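Visitor: Provide a 3D model corresponding to the input given below.
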Amino acid sequence: MKKTKLLIVAALMFGTTPFTLQAQTGKWQSLFNGKDLKGWKQLNGKAKYEVINGEIVGTTVTNTPNSFLVTEKNYGDFILEVDLLVDNTMNSGIQIRSESKADHENGRVFGYQAEVDPSERRWSGGLYDEDRRGWLYPLDINPKGQAAFKKEQWNKYHIECIGNSIRIWVNGIPTVNVVDDATPSGFIALQVHSDETAGKKIRWRNIRIQTENLKPSKPDNIYVVNMIPNDLSKQEKAEGFSLLWDGKTTNGWVGAYKTKFPEKGWEIKDGVLSVVKSNGAESTNGGDIVTVKEYGAFEMKFDFKLTEGANSGVKFFVTLSEKNKGSAIGMEYQILDDERHPDAKLGKNGNRTLGSLYDLIASKKIPHAQKRIGEWNKGLIRVFPNNKIEYWLNGFKIVEFTRGTKEFLDLVAGSKYKDWKDFGMAPKGHILLQDHGDNVSFRSIKLKQL
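Guide: Take a look at the predicted model:
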């Protein structure tokens, strides 16, 4: 039998195609020889790693932290493929560009992790930052990606780390598109998560990598999480996003009810736009700022960071027609330190807490959704042409409603906005960043019109 036919037969036997691809490209290198763990070492936990029938098998043990089987070499730019079969009741992951340093929690592994999660939340293929920043790309933001992983079957992970782009596919379906430069190089590792039950197994095979003459896959159509401040990725530009704030100047923004940007109360420094701390009152220092342009249907991304006890907000459909005192009128994405600011306990049923449609709809409180005070959060407001509106926080949907419905109008009638005619119903309006007298910062403010 010819060599090519042998390769095809072998590929069919193993249920995947890497051998034929390798024959075609000649660029793949195997990270696992199929016989032993040469080129790998174990860090942190005491889970069992062994080679059985040409596969690496990881087995949980009790009373041990997360375990990692780590490549002895580091890798920067690469394309990695791994096949895996996991017990339905365990958690695992593939570390990429990861590190272990003596000065970081006595060598605890940290860095990017392609999630393996067969639980009901279905986050397999998401991107987690192990022991550092937590979830970068939970799959709530990519419902199609949630359907990629197959329980009780072999699953193929395809991971591309090229420059500051990190992209993941599971079984050919794109699950992650992240732009980040926190760690340009590091080891690859196979994780066995700590578990209260011993004997659960995950199996890996066909572990291969490309490191030269890399050709990224074609653009996907999934949501992009860009961690680089005030940056637009190539895909974001192609999707129609532009910077609503350029990261440097006051261009495109003015004070609410003013003709120019406030002379005090706001600070631009090192790519960050901040409200200067004053007396904690509403719009009494620099005052709110608004976009010069007005917008109807749109998708807006923004990063924000709170200080202790701080209050602010992002408003939209701001018409400036009310000529009111205090903060200009508009629907608001609440930004608040819920633990320390008294506003969190006002309103109804928590509808003034972080991420709420202020004074109307309380945001869902989801584990992992909120960062600690002093860390950057990623907000997202989606306003669809059919008047459906979504609020997202760090990749989690926290509010969903449709303006103009009876439910919405009833909420308005019972709120502080009841006396404002047609509140929230303008066809378009300005976008506003609120000065509530507290130090709150913004960056990476991006918008595309829908």
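Visitor: Check which helices and strands the helix or strand where residue 136 lies sits against.
Guide: Using DSSP states H and E, residue 136 sits within strand 134-137. On a contact count with 3 or more C-beta pairs under 8 Å, 6 or more residues apart in numbering; DSSP states H and E, strand 134-137 meets strand 127-130, strand 173-179. All C-beta spots, glycine's among them, are computed from the backbone N, C-alpha and C.
Visitor: Pipe the ones you listed into CSV and attach mean pLDDT per row.
Guide: Output for the helices and strands packed on strand 134-137, formatted as CSV (pLDDT from 0 to 100):
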stretch, mean pLDDT
strand 127-130, 97
strand 173-179, 98
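Visitor: and of the ones you listed, who's closest to residue 161?
Guide: Proximity to residue 161, assessed across the helices and strands packed on strand 134-137 by C-beta to C-beta, is greatest for strand 173-179 (9.9 Å).
Visitor: And the contacts of that closest one?
Guide: 114, 124-127, 136-137, 139, 142, 144-145, 147-148, 164-169, 220-228, 231, 233, 235 (C-beta atoms under 8 Å, 6 or more residues apart in numbering).
Visitor: I figured residue 274 hits residue 439, correct?
Guide: Yes: contact criterion C-beta atoms under 8 Å: residue 274 and residue 439 qualify, at 6.4 Å.
Visitor: Looks to me like residue 106 is in a strand.
Guide: No: checked against DSSP: H, G, I helix; E, B strand; the rest coil, residue 106 lies outside a strand; its state is helix.
Visitor: Low-confidence regions, the stretch 101-250 of the chain specifically.
Guide: Scanning the stretch 101-250 of the chain with the threshold set as pLDDT under 70 gives no residue ranges.
Visitor: repeat that for 90
Guide: 196 (pLDDT under 90).
Visitor: and if you look at the stretch 251-400 of the chain?
Guide: 279-285, 323, 325-326, 367-368.
Visitor: Recalculate using a threshold of 80.
Guide: 280-284 (pLDDT under 80).
Visitor: Return the set of buried residues in stretch 297-315.
Guide: 297-307, 310-315 (16 or more other C-beta atoms under 10 Å).
Visitor: what about residue 234, distance to residue 50?
Guide: According to C-beta to C-beta, to the nearest Å, residue 234 stands 43 Å off from residue 50.
Visitor: what kind of secondary structure is residue 151 in?
Guide: coil.
Visitor: Quick one: the strands in the stretch 301-450 of the chain, in order.
Guide: Along the stretch 301-450 of the chain, counting by DSSP state E, counting those that start in this stretch, strands occupy 311-318, 331-336, 376-383, 388-393, 396-402, 430-433, 440-449.
Visitor: Mark which of the contacts of strand 173-179 are part of helices, please.
Guide: 144-145, 235 (DSSP state H).
Visitor: any chance of the residues you listed in TSV, plus neighbour count and distance to residue 355?
Guide: As requested, the ones in helices among the contacts of strand 173-179 are exported to TSV (neighbours: other C-beta atoms under 10 Å; distance: C-beta to C-beta, whole Å):
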residue	neighbour count	distance to residue 355
144	12	24
145	27	23
235	19	26
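Visitor: would a markdown table of those with distance to residue 191 be doable?
Guide: Shown next, in a markdown table, are the ones in helices among the contacts of strand 173-179 (distance: C-beta to C-beta, whole Å):
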| residue | distance to residue 191 |
| --- | --- |
| 144 | 25 |
| 145 | 20 |
| 235 | 28 |
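Visitor: which one among those residues gets closest to residue 185?
Guide: residue 235 (23.2 Å).
Visitor: My understanding was that that closest one contacts residue 222; is that so?
Guide: No: Residue 235 lies out of contact with residue 222 (C-beta under 8 Å); the separation is 9.0 Å.
Visitor: ok, now which ones touch residue 388?
Guide: Counting by C-beta under 8 Å, 6+ apart, residue 388 has contacts 400-402.
Visitor: any idea where the helices of this structure begin and end?
Guide: Counting by DSSP H, the helices of the chain are 3-14, 18-25, 143-146, 234-239, 406-413.
Visitor: what does the shortest one contact?
Guide: Contacts to helix 143-146, defined as C-beta under 8 Å, 6+ apart, come from residues 122-123, 125-126, 139-140, 170, 173-176, 222.
Visitor: tell me which of these is nearest to residue 418?
Guide: Nearest to residue 418 among the contacts of helix 143-146, with distances taken as C-beta to C-beta, is residue 140, at 33.2 Å.
Visitor: Is the nearest residue to residue 68 once chain neighbours are set aside bridged to anything, and to what?
Guide: In this structure, residue 68 finds its nearest non-sequential neighbour in residue 189, 4.2 Å apart by C-beta to C-beta, 6 or more residues apart in numbering. Counting by DSSP bridges, residue 189 is bridged to residue 70, residue 95.
Visitor: what sits against residue 189?
Guide: Counting by C-beta under 8 Å, 6+ apart, residue 189 has contacts 43, 68-71, 94-95, 98, 109.
Visitor: again, but for residue 112
Guide: 95-98, 127-130, 136, 166, 183.
Visitor: Repeat that for residue 393.
Guide: 354-355, 363, 366, 369-370, 377-380.
Visitor: Going by neighbour count, which of those residues comes out on top?
Guide: residue 355 (28 neighbours; other C-beta atoms under 10 Å).
Visitor: so that one touches residue 391, yeah?
Guide: Yes: Residue 355 lies in contact with residue 391 (C-beta under 8 Å); the separation is 5.8 Å.
Visitor: Now do the shared contacts for these two.
Guide: 333, 363, 379, 398-399.
Visitor: what's the distance between the spatially closest residue to residue 243 that is not a sequence neighbour and residue 231?
Guide: In space, and not counting its chain neighbours, residue 243 is closest to residue 446: 5.8 Å by C-beta to C-beta, 6+ apart. Distance, residue 446 to residue 231, by C-beta to C-beta: 9 Å.
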